[in-house]
Each structure stands twice: as structure tokens, then as C-alpha cells.
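Novice: my questions are about this predicted structure, shown below with the sequence.
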Amino acid sequence: MFGFGKKEQKPEANVADTLEWASKRFQEAFWASEEALGYMLDRGFSEETVKDWEIGYSPRSSAYLATDLDKEVGVEAGLLIETDRGAVIDRFRDRIMIPIRAADGTLAGFGGRAVDDNAAGPKYLNSSESEHFQKSSILFGAHRLGVVTDLEPAFVVEGYMDVIKLSQYGIPNVVASMGTAMTEENLRNLNEAGRYVLFAMDGDNPGRAAMRKIRNGILSDPALDFEAAFVLFPEGSDPDDFITEKGREQFEAFMRENVMALTDAFVEDFAARGLTKSAEGRFFCYGEIEDILSRLPSPHPIETNLSKELSEKLKIPEALWVAALEDKRRERNGLTRPVAPESAVPSGSQPPEGQAIPSLRDNAPQPQQRGLRFHEWVLVAQYRSRTISKRIAEDSRWDYISQFLPLEANICKGLADQVNEGDSIREAFRKSENHDRGMSVCWENVISFDPDGMDIDDIYETAMEKLEKKAKHTEMQKDLEAVGDASLDGWKETSITPALSRRPGVAG
């Protein structure tokens, strides 16, 4: 039926020849098995597609290959396995066999799909990891990649059955990772393929997690300069199912209508995780992206677009985003905040040589307009400098404050403990035991306030002075209440700006 008139001769004793020999043996078995052919036809694959992709079948026998293979070479090629009792048997049994070729066309191994969904063992089984087969570096279908353009991008799906089915419908340049999330090497291989890459993911939780990892991997590697877009298929569907059921025309229409740029993929993912409905959630989104970008030694090409679009969609001021991101990057690189450029200083006010240019605070938003409470000022300082968390851990004043202002102290000290253990401030906030006690409002106040030009140490010290006074007032109030006198004036929490402006070296 397929031109296999006789059994393939035994291969030479090397891995490359052994793999090619095994591929032909699997194809022989496929065309001799009505069950294997029926399985592929039932899934919508044509006989021509099966032939084109050299699809085969591994019989149920545990010795289909083992009988003719050199033991050591068979194990090295990932075709045989040794049991606990020392017997050598076939690795693949009762599976549809997909040859997996490297980008240069060399046969590297196989992927086996169980014919019986209820059979013991994994549904998909790849060749074992070896010098010849390293699935983290292989993109299935890469040997068929043609010219990648904006009209015909590289198209990344999650499984090799998706690749094969889309090729049957005439969709070009389709590849898939080998049963794992996209790796750094996979992404770099795609970068060499062309400028446009479209990732099509299943809409279930694993598919979304895979999209998240790809998205973060793209941003984390400055060497990647391809334009990425994403499509999520309806939950319970994948590209194979969709195009089989609806055809190429509807498939392409769905792709056009649902394609997302990188920034849209961020927002869609955040919304699906329920993170865009509250200030706390939006801040967590912001922190997640900031953590990725700030690890790069220099700004990512997409950073300007990302800052602008996500600031609008997450309702976070762009100026705050940009300033915090730069501070975070400098902090990671062991640098201090730079002095203001000369162009930012009013004409005629240049300082003498050797003196730092003064910070410009005239246009900074006034704290009283934001209604920041004293412990929120501490959080403002914590957010902008990890060293503040270290100071909190060593500051004995918190022992006194904790006695009379336990909620405020727990918030600030709890976050400081998390940060000092290695968490980012966003992650620390998420873990805070107090996050469900009005913290979303508190945190929105913190992230929406821009302390441009204010000294972070001064903010912390001034806030601590105010917290101490508030704690003292609370202590006095309790003493008076204990003796039946509640005549002490109520405490009013006012802005710390006047106190800040009176501190030495801080302009008012």
C-alpha cells in the first residue's frame, strides 16, 4: 500500500541510521494496521497527510524493534528501555508514531500518541532525553519553516497534532514545542526564523500558564526582537479541533478577530485572573511586569509602549510606572538615584561646580491632596527603597508603636519582613495577612502618590515621628479612659508635608 514490499534490513550500529530504520518500520506497521489508520482518519487526518509526515505505528508487542536492534544503540536512540529485571523491550507500544526532526531535517527522535485513551501510561510519550534528542531545544515542524513575513508569520501551537492538522489545511510555518513550555532556546530559534510570531494557545488554565511563560520570556530576553502576538482558543478547544470542525475560512476569521498584541495579552491574562477589579490586584499586575523588565540591564524596546498602554488600562499613572521602573533597575544594578539633569534646572540657577543639582519639588503633588495616613507614608518609602525595610527591622521605635497602633505596625513590619526575606514589595503585599483589612484602599493611595524630589529617608523619618506622636496620644487617651476622663482632644491625622519641609536640607 505504501511501497514497503519487504521488511527493512537491520540498521548500521549508529543512532542516526537506527532512527531512520525505526521510522520505516513504524510506517510499515501503520499501513498494516486498520486500527492505526482508522484512528487517524477518525481524527480528520487524510492518508496524504499521514504519508507526508511519515506517520507510523508501534505495535503492542514489546519486541517489535528489540528483536532486531543492537541493545546499546537502541537504548541510546531512545527506542528501547531496560526493565528492572534486565530485559530490553520497546519503549513505544500501541502508539501513533510521529517522527521528530531537527531544523536541519535530521531525525532526532519520536513522539508517540496512545491509540487507546484509557490505556495505562501517558497519552503522549517522547523519546527519552539524550545527546541526540533534547526536547527543550527542538521545535516540531521547524524543518518545514519557510519565509516568515507579516502576512505569513511563524505560527506556534502547543502540540504536534496541531502542527500536522494545520499543514493539512494549508496553514504554513507552523511549529510546536515538545510537550514543554517554550524554552529560552525555542524563543531564540524563533527569533532567527523571522520578525513575526503568532502564538496560538488553548484557552484552559495550562494554555494560559504557557502564554504567561512565553510572554515573560520574550520580555526577559533583550536579544529577542520579533513581534509577538497571541490568540487564545475557546476553553476545551485547540487549533486541531477548531479547524477540523469549522474549516480554514472560519479558523482564519477567528484568528483575525481574536489576535492580541503583547500588551493586550497582559491585560487579558490579568483580567482572567481577576486582578483588574481592585487597586490591590492592579498593583500586583504592575509589580509583576515591573519585576520582569527591571531585571534587564537597559530598557526593553517595548517598554515605552507597554508603560503607556498598561498605565491606561490598569489605571496606574505612567509617570509613577516609569520612575519606579527606573529606580528598580538601578537598585538591581547597584546604582543610586541620579541627580537631575542640568536641563531640568531653571536657567540661572546652576549650582557651583562639585555640588549636586537640587531636586525639583515645586510641581510634586501635595500629600494632603492624596490623604495619605502616616503608616502609608512609610509604605511609600518602603516601595521605593528596599533599604527602608531593613531599617524597619532594626528600628526599636516600632516596639513602642506596636503597642498602641498594632494594625499600622503589623502592616509595615509584616511587609518589611517579607521584603527582607527576598520578596518584592508587590509579592510581600500579596502575602500580607492584613491585605483584606482595608489594604486595597491603603495601597491605592501609596501607588498613586508620586514623591518626586522628596528624600526617601526624610519621608520615613518624618512619618516615624508622626507615628510616635500618634502612639503617644493613643497611650494618653487610654490612660485617661482608665480613670474615667475622656476629655483629651481627638487625634487628627494631618499631612507630613509641613514637617518634611522643616527638616534640614529639604526644600519646602
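Specialist: That came through, no problem. Residues are numbered from 1 along each chain as shown.
Novice: domains for this protein, by residue range?
Specialist: Per automatic domain parsing, the structural domains of the chain span 15-133, 139-271, 276-336, 367-502.
Novice: would you turn the ones you listed into JSON lines with mean pLDDT and mean neighbour count?
Specialist: All C-beta atoms are positioned from the backbone trio N, CA, C, and that covers glycine. Formatted as JSON lines, those follow (pLDDT from 0 to 100; neighbours: other C-beta atoms under 10 Å):
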{"stretch": "domain 15-133", "mean pLDDT": "93", "mean neighbour count": "18"}
{"stretch": "domain 139-271", "mean pLDDT": "87", "mean neighbour count": "18"}
{"stretch": "domain 276-336", "mean pLDDT": "70", "mean neighbour count": "17"}
{"stretch": "domain 367-502", "mean pLDDT": "70", "mean neighbour count": "17"}
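Novice: now do stretch 241-254: distance to the chain's middle.
Specialist: Remark: stretch 241-254 is offset 28 Å from the chain centroid, using C-alpha atoms, centre = their mean, to the nearest Å.
Novice: which residues sit against it?
Specialist: Identification of contacts with stretch 241-254 by C-beta atoms under 8 Å, 6 or more residues apart in numbering yields 43-44, 165-166, 169-171, 231, 233-234, 239.
Novice: and for stretch 97-110?
Specialist: With C-beta under 8 Å, 6+ apart, stretch 97-110 has contacts from 16, 19-20, 22-23, 26, 30, 53-58, 77-79, 92, 111-113, 126-127, 130, 132-133, 138-140, 142-143, 145, 160, 164, 178, 189.
Novice: start and end of it, how far apart?
Specialist: Length of stretch 97-110, first residue to last, C-alpha to C-alpha, to the nearest Å: 6 Å.
Novice: can you check stretch 146-164 too?
Specialist: Termini of stretch 146-164 sit 15 Å apart (C-alpha to C-alpha).
Novice: as a check, name the ranges of all helices in the stretch 201-350 of the chain.
Specialist: Secondary structure of the stretch 201-350 of the chain (DSSP state H, counting those that start in this stretch): helices at 205-220, 239-258, 262-272, 279-294, 303-314, 318-332.
Novice: other SSEs contacting the first one?
Specialist: When contacts are defined as 3 or more C-beta pairs under 8 Å, 6 or more residues apart in numbering; DSSP states H and E, helix 205-220 packs onto helix 184-193, strand 196-201, strand 227-232, helix 262-272, helix 279-294.
Novice: so that helix versus helix 184-193, what angle?
Specialist: Inter-element angle recorded for helix 205-220 and helix 184-193: 70 degrees (by axes from the mean of the first three to the mean of the last three C-alpha atoms, to 10 degrees).
Novice: what of the third one?
Specialist: In terms of direction (the same axes, to 10 degrees), helix 262-272 departs from helix 184-193 by 140 degrees.
Novice: and helix 262-272, what does it pack against?
Specialist: Packing partners of helix 262-272 (3+ C-beta pairs under 8 Å, 6+ apart): helix 205-220, strand 227-232, helix 279-294, helix 303-314.
Novice: contact partners of that helix?
Specialist: Helix 262-272 is contacted from outside by 208, 211-212, 215, 218-219, 228-230, 232, 260, 276, 281-282, 285, 289, 302, 305-306, 309-310, 313-314, using C-beta under 8 Å, 6+ apart.
Novice: if you set the cut-off to 6 Å instead, what comes out?
Specialist: Here helix 262-272 makes contact (C-beta atoms under 6 Å, 6 or more residues apart in numbering) with 212, 215, 228, 230, 276, 285, 306, 309, 313.
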